[in-house]
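# model the structure of this input:
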Amino acid sequence: MDPKFKAVVVWLVANGNAEKALEVLAKHYGVTVPKLKVGLPKGRKRNSVGTYDNRSKTIAVLDSDTLKQPFVILHEFYHHLRTNIRQEHKGTEKGADAFARDYIQAYNIAAKASGK
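Numbers count the residues shown, from 1 in each chain. This next block holds a predicted model:
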């Protein structure tokens, strides 16, 4: 996959446009755009900063600051992606982490190459 695409997605999230990043990702992968909301559902672990609910197709984040955290948004999008493609959600934490890290690594390489 094009590293520039990944870098742009990370840049969008980091610059406060998580909704646009999710639209771009969904189009790229051919899935529906997940909803995005601030505030975790009741009963979530205290150390959680994000979650994905398959029933409502919603990524929920702890607070508005979390909307600018590429790792969280990409991690939860991976759950949306996997659920929509494979109809599975459980057992995907390592895959979600790797997906997010891959995008962030592409961004870091692009930023370093541009001198920023």
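
# what separation is there between the residue nearest to the spatial centre of the chain and residue 68?
Centroid-nearest residue in the chain, with Cα atoms, centre = their mean: residue 74, separated by 1.9 Å. Separation of residue 74 from residue 68 (Cβ to Cβ, to the nearest Å): 12 Å. Just so you know, the C-beta spots here come from the backbone N, C-alpha and C atoms, and that holds for glycine as well.

# over to residue 51?
Residue 51 sits at a distance of 17 Å from residue 68 (criterion: Cβ to Cβ).

# for the nearest residue to residue 23 once chain neighbours are set aside, what are its contacts?
Using Cβ to Cβ, 6 or more residues apart in numbering and skipping residues adjacent in sequence, the residue nearest residue 23 is residue 33, 5.3 Å away. By Cβ atoms under 8 Å, 6 or more residues apart in numbering, the residues touching residue 33 are 22-23, 26.

# related to what we said a few turns ago, which neighbours do residue 74 and residue 68 have in common?
Counting by Cβ under 8 Å, 6+ apart, the residues touching both residue 74 and residue 68 are residue 13.

# and the residue nearest to residue 23, which of the three is it?
Taking DSSP: H, G, I helix; E, B strand; the rest coil as the rule, one finds residue 33 in the coil state.

# so for it, what's the pLDDT?
Looking at residue 33, its pLDDT is 97.

# please name every helix or strand in contact with the helix or strand where residue 7 lies.
Assigned by DSSP states H and E, residue 7 belongs to helix 3-14. Counting contacts by 3 or more Cβ pairs under 8 Å, 6 or more residues apart in numbering; DSSP states H and E, helix 3-14 packs against helix 18-29, helix 70-86, helix 93-113.
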